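Trainee: Coordinates for the following, if possible.
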Amino acid sequence: MAIRLPGVVAAKQILRRSSLMTSNKRDVPKGYLAVYVGESEKKRFVVPLSYLNQPLFQDLLSKAEEEFGFNHPMGGLTIPCHEDMFIHITSRLDRP
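Mentor: All right, here's what the predicted structure looks like:
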């Protein structure tokens, strides 16, 4: 029996659609995804796909879903939080 997490499903749909729409693709290594972070000026981060299973990252995905739905202005997954907060959260995910 599989358990589907809404944030992960939404992220996959956004990524699938954005990869079809983006003709000017930047290289993202296999097993990673690009996200855009910031309030007004967006900065691009490349994060491991394993973050999609982390509750802290899923909270960020929920915020993105609430704010943007499936219409992300950058064409990719956009996370509406301050860059400093994103770095703080992802640094906690990198710890063993």
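Trainee: which stretches of the protein have low pLDDT?
Mentor: In the predicted model of the chain, residues 1-26, 70-75, 96 satisfy pLDDT under 70.
Trainee: Pull out the buried positions in the helix or strand where Val47 lies.
Mentor: Using DSSP states H and E, the element containing Val47 is strand 43-48. Under the neighbour-count criterion of 16 or more other CB atoms under 10 Å, strand 43-48 has Phe45, Val47 buried. To be clear about C-beta, it is placed using only N, CA and C from the backbone, and glycine gets the same treatment.
Trainee: what's the host helix or strand of His88 packed up against?
Mentor: Using DSSP H and E, His88 falls within helix 83-94. In this structure, helix 83-94 packs against strand 43-48, helix 55-68, with contacts taken as 3 or more CB pairs under 8 Å, 6 or more residues apart in numbering; DSSP states H and E.
Trainee: Partner strands of the strand holding Val47 and their direction?
Mentor: Paired neighbours of strand 43-48 in the sheet (DSSP bridges): strand 32-37 (antiparallel).
Trainee: and the angle for the strand it pairs with with helix 83-94?
Mentor: Angle, strand 32-37 to helix 83-94, by axes from the mean of the first three to the mean of the last three CA atoms, to 10 degrees: 150 degrees.
Trainee: picking that back up, export the helices and strands packed on helix 83-94 to JSON lines and tack on distance to Ile87?
Mentor: Converted to JSON lines, the helices and strands packed on helix 83-94 look like this (distance: least, CB to CB, whole Å):
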{"stretch": "strand 43-48", "distance to Ile87": "8"}
{"stretch": "helix 55-68", "distance to Ile87": "12"}
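Trainee: Compare those and give me the one nearest His82.
Mentor: strand 43-48 (10.4 Å; CB to CB).
Trainee: what's in contact with the closest one?
Mentor: Strand 43-48 has contacts (CB atoms under 8 Å, 6 or more residues apart in numbering) with 26, 28-29, 31-37, 57, 83, 86, 90.
Trainee: out of those residues, which is most surrounded?
Mentor: Counting neighbours by other CB atoms under 10 Å, Val35 leads the contacts of strand 43-48 with 27 neighbours.
Trainee: need the contact list for that residue.
Mentor: Contacts of Val35 by CB under 8 Å, 6+ apart are Arg44, Phe45, Val46, Val47, Gly76, Leu77, Thr78, Ile79.
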